[in-house]
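K.L.:
need coordinates for the below:
(one chain, ligands or ions: 1)
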Amino acid sequence: MKIKEQWSLPNLKEAARRTRSAVERVDHYAIPANTFDLGVGKTYHISTYGCQANQRDSETIAGILETIGFKPAEDLEHVDVIILNTCAIRQNAEEKVLGEIGNFKRLYRSNKDLVIGVCGCMSQEDSFVKTILEKYPQVRLLFGTHNIQDLPSMLYDAMVKHEKVIKIYSKEGEVYENLPVKRFEHHKAWVNIMYGCDKFCTYCIVPYTRGKQRSRYMSEILKEVRQLKEEGYKEITLLGQNVNAYGKDLEEPIDFATLLEEVAKIGIPRIRFMTSHPWDFTNEMVDVIAKYDNIMPFIHLPVQSGDDEILKRMGRRYSAESYMRLYKKIVDTIPNVAISTDIIVGFPNESDEAFENTLELVRQCQFDNAFTFIYSPRPGTPAAKMEDEIDEETKRQRLYRLNEVWNGYALEKNKAYIGKTVKVLVDGSSKRKEDVYSGYTETNKLVNFSGTNIEPGDLVDVYITDAKTFSLDGKAV
Ligand code: SF4
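P.N.:
Alright, predicted model coming up:
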């Protein structure tokens, strides 16, 4: 592979560096004059992988593309720009992305002007970029999480100068305000409150791919939420890799409980937030959630393991006991709260006893929902270098057992809804049956229900008639 001088490639070591220098804040966005109409008469398609931060980034990418004239593609056969916004959390996400790039090769063969671009967390990984450069010549644009705002000029170089553009910066990052956004939904919106993460959990690639923790100013966040309310949005989700640490990095520190309360006062009907690290979850936060009816009684609280030794090696900085204390405080203080979690099985050298400790914690917490995974080593992270003698079959069996246990509790919790009437924010109707709608309860339960003349964004009372592990059935009342 010949590296060209104008390319900038990722470097994980650089990406892990943290300095005390102030975060640069850029609040004016200017499109280069030579790109004003770059996309007129042309179309784009975005494939988004991974977490809500990526979904929100895709809304920015779409916003920028539409500002310079592109329209969403109705048919991929004649599309001009394809962007794959990738996720680096697990190995299988990489395999899916490479599979999709492979599928697009056919389109590139018949249209050599097609720009296939790859961005997101995976582009920040040197091994992934090397694979793309060596094996996927159809990718003509690679950029990272720190330079989405430069998309017009990068596209200009790819489309007009016919260059291959590789621009990935490994740095702490800035805060950009006022970038164009095209919201993909009209009743629910994502609101970034911070970027990056400084926790460096030993298995996680995010602090390397998304830079240091950079909180937005509260005034900017409140301005965005007020505007969303004026535009009629019914639900917002405050987004950050660890929202509980919000504001700790600001010149005048402020905490998440304060931000949450100010957001609640604006009066948007539903407020959610993700993700919460148990370490930073304060009593003040619990009290604010309990105090405001428009802060939804649903908390995603990743535990990852119920074993203290594993938690220590994961760098999580809490114990199973302190997690349980927090869990109890939340359940005792917030009426009807639902709690979900993330659990990794098969962390390097996880013993049978350690796994049993995780099962025991799950039995005690009886989560409403859980996202469970077999540990996937991410190159460049400390855990990827840890010795691991546990075979894959054992890991698979543990995942199976864990799923059996939490699924049982989830079903029990859902059954408790039968015969009750709950408020559902409607997402839309089923593709197959027009009179079957779906939406979410305040506690984030998916509900499929029958009714008539219902629109996405309506808040509907639904009587629950049946419960499954992952959803409820009902009818509008
Ligand atoms: S807090 Fe979350 S995003 Fe940050 S390092 Fe840990 S797992 Fe990754």
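
K.L.:
if I pick M159, what's in contact with it?
P.N.:
Residues near M159 by Cβ atoms under 8 Å, 6 or more residues apart in numbering: L38, D80, V81, D113, V115. Placement of C-beta: from N, CA and C, glycine included.

K.L.:
okay if I get those residues as a markdown table plus neighbour count and distance to the ligand?
P.N.:
Output for these, formatted as a markdown table (neighbours: other Cβ atoms under 10 Å; distance: Cβ to the nearest ligand atom, whole Å):
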| residue | neighbour count | distance to the ligand |
| --- | --- | --- |
| L38 | 20 | 35 |
| D80 | 19 | 34 |
| V81 | 26 | 30 |
| D113 | 12 | 38 |
| V115 | 23 | 31 |
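
K.L.:
show me which pair in those residues is furthest apart.
P.N.:
With Cβ to Cβ as the measure, no two of the contacts of M159 lie farther apart than L38 and D113, at 12.8 Å.

K.L.:
what sits against C197?
P.N.:
Applying Cβ under 8 Å, 6+ apart, the residues contacting C197 are C204, V206, P207, R210, K212, Q213, Q241, N242.

K.L.:
all helices of the chain, in order?
P.N.:
12-15, 52-67, 91-110, 126-135, 151-159, 206-209, 218-230, 256-266, 283-291, 308-314, 320-333, 352-365, 392-415 (DSSP state H).

K.L.:
I'd assumed Y437 was in contact with I454.
P.N.:
Yes: if you go by Cβ atoms under 8 Å, I454 and Y437 touch, sitting 5.3 Å apart.

K.L.:
nearest to the ligand, out of the helices of the chain?
P.N.:
Closest to the ligand of those is helix 206-209 (Cβ to the nearest ligand atom; 3.8 Å).

K.L.:
who's in contact with the closest residue to S450 other than its chain neighbours?
P.N.:
Nearest residue to S450, sequence neighbours excluded (Cβ to Cβ, 6 or more residues apart in numbering): K475, at 4.8 Å. Applying Cβ under 8 Å, 6+ apart to K475 gives the contacts F449, S450, G451, V462, Y463, T465.

K.L.:
so which of the residues you listed is the most crowded?
P.N.:
Within these, neighbour counts (other Cβ atoms under 10 Å) peak at V462, which reaches 26 neighbours.

K.L.:
sorry, back to before: intersection of neighbour lists for I454 and Y437?
P.N.:
V426, S429, V460, A476.

K.L.:
below-threshold pLDDT in the protein: ranges please.
P.N.:
For the chain, no stretch is flagged by pLDDT under 70.

K.L.:
apply 90 and report the result again.
P.N.:
By pLDDT under 90, the low-scoring segments of the chain are 1-6, 89-94, 280, 430-435.

K.L.:
and it, which residues reach the ligand?
P.N.:
C197, K199, F200, C201, C204, V206, P207, Q241, N242, H277 (Cβ under 6 Å from any ligand atom).

K.L.:
residue contacts, the residue lying closest to the fifth one once chain neighbours are set aside?
P.N.:
Okay, so that is C204. Spatial nearest neighbour of C204, excluding adjacent residues (Cβ to Cβ, 6+ apart): T381 at 6.5 Å. For T381, the contact set (Cβ under 8 Å, 6+ apart) comprises T202, Y203, C204, I205, Y208.

K.L.:
now do I205
P.N.:
Per Cβ under 8 Å, 6+ apart, neighbours of I205: A88, I89, C121, E125, R378, G380, T381.

K.L.:
and which of those is nearest to M1?
P.N.:
E125 (15.5 Å).

K.L.:
and the helices of the chain, which is most packed in?
P.N.:
Greatest average neighbour count among the helices of the chain goes to helix 206-209 (a mean of 24), per mean count of other Cβ atoms under 10 Å.

K.L.:
other SSEs contacting it?
P.N.:
helix 12-15 (3 or more Cβ pairs under 8 Å, 6 or more residues apart in numbering; DSSP states H and E).

K.L.:
number of residues surrounding the residue in the stretch 251-400 of the chain that the ligand sits nearest to?
P.N.:
Using Cβ to the nearest ligand atom, H277 is the residue of the stretch 251-400 of the chain that sits closest to the ligand, at 4.8 Å. Using other Cβ under 10 Å, the number of residues around H277 comes to 20.

K.L.:
and of the shared contacts of I454 and Y437, the nearest to the ligand?
P.N.:
V426 (31.2 Å).

K.L.:
that closest one contacts N453, doesn't it?
P.N.:
No: using Cβ under 8 Å, V426 makes no contact with N453, being 11.3 Å away.

K.L.:
and the residue nearest to L402 when sequence neighbours are not counted, how close does it get to L399?
P.N.:
Nearest non-adjacent residue to L402, counting by Cβ to Cβ, 6+ apart: T372, 5.5 Å away. From T372 over to L399 the distance is 6 Å, taken as Cβ to Cβ, to the nearest Å.

K.L.:
what is in contact with those two at once?
P.N.:
Residues touching both T372 and L399 (Cβ under 8 Å, 6+ apart) are V345.

K.L.:
how about C201, nearest residue that isn't a chain neighbour?
P.N.:
That would be G315: by Cβ to Cβ, 6+ apart, it lies 4.9 Å from C201.

K.L.:
hmm, back to that, which strand residues bridge the residue nearest to L402?
P.N.:
Beta bridges link T372 to I343 when assigned by DSSP bridges.

K.L.:
likewise for K71?
P.N.:
Bridge pairing for K71 - DSSP bridges - gives T43.

K.L.:
then the one 10 residues further on?
P.N.:
When assigned by DSSP bridges, V81 has beta-bridge partners Y44, V115.

K.L.:
can you tell me how far it is from G39?
P.N.:
V81 is 8 Å from G39, by Cβ to Cβ.

K.L.:
which residues do those two both contact?
P.N.:
With Cβ under 8 Å, 6+ apart as the test, V81 and G39 both reach L65, F70, L155.

K.L.:
looking at the residues you listed, which is nearest G247?
P.N.:
L65 (32.2 Å).

K.L.:
who's in contact with that closest one?
P.N.:
G39, Y44, V81, L151.

K.L.:
from V118, how far off is the residue nearest to the last one when sequence neighbours are not counted?
P.N.:
It refers to L151. Once flanking residues are discounted, L151 sits nearest to I64: 5.0 Å by Cβ to Cβ, 6+ apart. Distance from I64 to V118, counting by Cβ to Cβ: 16 Å.

K.L.:
how about L361?
P.N.:
The gap separating L361 from V118 is 38 Å, by Cβ to Cβ.

K.L.:
G451 too?
P.N.:
For G451, the distance to V118 - Cβ to Cβ - is 42 Å.

K.L.:
ok, K135 next?
P.N.:
From K135 to V118 the distance is 13 Å (Cβ to Cβ).

K.L.:
got it, and E231?
P.N.:
Where V118 is concerned, E231 sits at a distance of 32 Å (Cβ to Cβ).

K.L.:
so who does V81 touch?
P.N.:
G39, K42, T43, Y44, H45, L65, F70, L114, V115, G117, L155, M159.

K.L.:
out of these, who's nearest I310?
P.N.:
G117 (38.5 Å).

K.L.:
thought Y136 was touching that closest one, still the case?
P.N.:
No: if you go by Cβ under 8 Å, G117 and Y136 don't touch, sitting 11.8 Å apart.

K.L.:
counting neighbours, go ahead and name the busier of those two.
P.N.:
Higher neighbour count among G117 and Y136: G117, with 23 against 17, using other Cβ under 10 Å.

K.L.:
so who does that one touch?
P.N.:
Here G117 is in contact with V81, I82, I83, L84, V139, R140, L141, L142, F143, M154, L155, A158 (Cβ under 8 Å, 6+ apart).
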